[in-house]
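**Student:** the sequence and its predicted three-dimensional model are supplied below.
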Amino acid sequence: MKQYFLIFVLSSLTSISTINCQDKSLKTDTTNKSSSVCSDECQANNKTTMLSCKLSSPELQERKKTVLASLKNQLIEKKELQNGFAFKFSGSDKMVDELTEFIKTERECCEFFTFNLSIGGDKREAWLELTGDEGVKEFIGSELGL
């Protein structure tokens with residue numbers, strides 16, 4: 001009985017994979033879902049455009065000494081973007097955790113940033129993009145020191 005069941009399961013799996021591989025005309029039903037092909041505009045946008053940090057000077061200075069200094073020490077590469085900068089780091093789990101924590105805390109004080117985190121599945125690299133409206137590039141250099 002067990003042999004027949006195993007043969008049935010294996011033949012069912014083979015049939016499924018054969019259908020998926022051979023019949024390219026099969027389509028999934030997406031009537032209840034809104035989907036479209038996305039261009040480069042599939043990025044988060046902010047309604048907040050005023051460049052103001054909610055941290056007091058002492059809090060900002062402490063952040064520069066700790067969190068920002070740690071990121072600067074681990075920075076591999078920096079590229080200028082039209083509306084900000086891209087920063088390359090290692091793709092280790094520890095670095096990804098540090099970058100996500102940075103994003104979460106930075107969102108609390110600087111709502112005008114748009115963050116984009118691109119992480120390689122092979123753990124070799126991670127890119128953090130900090131972008132925003134006019135003046136963000138200067139803010140990143142002067143206030144964050146990145």
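**Tutor:** Nice, I can see it. Since the structure is predicted, the reported quantities are computational estimates derived from the model, not experimental observations. Residues are numbered from 1 along each chain as shown.
**Student:** count the neighbours of Gly135 for me.
**Tutor:** Counted with other Cβ atoms under 10 Å, the neighbours of Gly135 add up to 13. The C-beta positions use only the backbone N, C-alpha and C, and glycine is treated the same way.
**Student:** just Asp133 next, same as before
**Tutor:** By other Cβ under 10 Å, 16 other residues sit near Asp133.
**Student:** pretty sure it contacts Glu111?
**Tutor:** No - contact criterion Cβ atoms under 8 Å: Asp133 and Glu111 do not qualify, at 11.6 Å.
**Student:** got the residue ranges for the strands in this protein?
**Tutor:** Along the chain, the segments classed as strands by DSSP state E run 77-81, 84-90, 114-119, 125-131.
**Student:** the shortest one pairs with which strands?
**Tutor:** On the basis of DSSP bridges, the sheet neighbours of strand 77-81 come out as strand 84-90 (antiparallel).
**Student:** so the partner strand versus strand 114-119, what angle?
**Tutor:** 30 degrees (axes from the mean of the first three to the mean of the last three Cα atoms, to 10 degrees).
**Student:** ok, the closest residue to Lys72 other than its chain neighbours to Asp93 distance?
**Tutor:** Distances taken as Cβ to Cβ, 6 or more residues apart in numbering put Leu146 closest to Lys72, at 6.6 Å, once the chain neighbours are dropped. As judged by Cβ to Cβ, to the nearest Å, Leu146 and Asp93 stand 22 Å apart.
**Student:** neighbour count for these two, which is higher?
**Tutor:** Counting neighbours by other Cβ under 10 Å for Leu146 and for Asp93 shows that Leu146 has the greater number, 14 against 10.
**Student:** related to what we said a few turns ago, now render the strands of the chain as a markdown table, adding mean neighbour count and distance to Ile103.
**Tutor:** Shown next, in a markdown table, are those (neighbours: other Cβ atoms under 10 Å; distance: least, Cβ to Cβ, whole Å):
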| stretch | mean neighbour count | distance to Ile103 |
| --- | --- | --- |
| strand 77-81 | 11 | 17 |
| strand 84-90 | 18 | 12 |
| strand 114-119 | 16 | 5 |
| strand 125-131 | 20 | 8 |
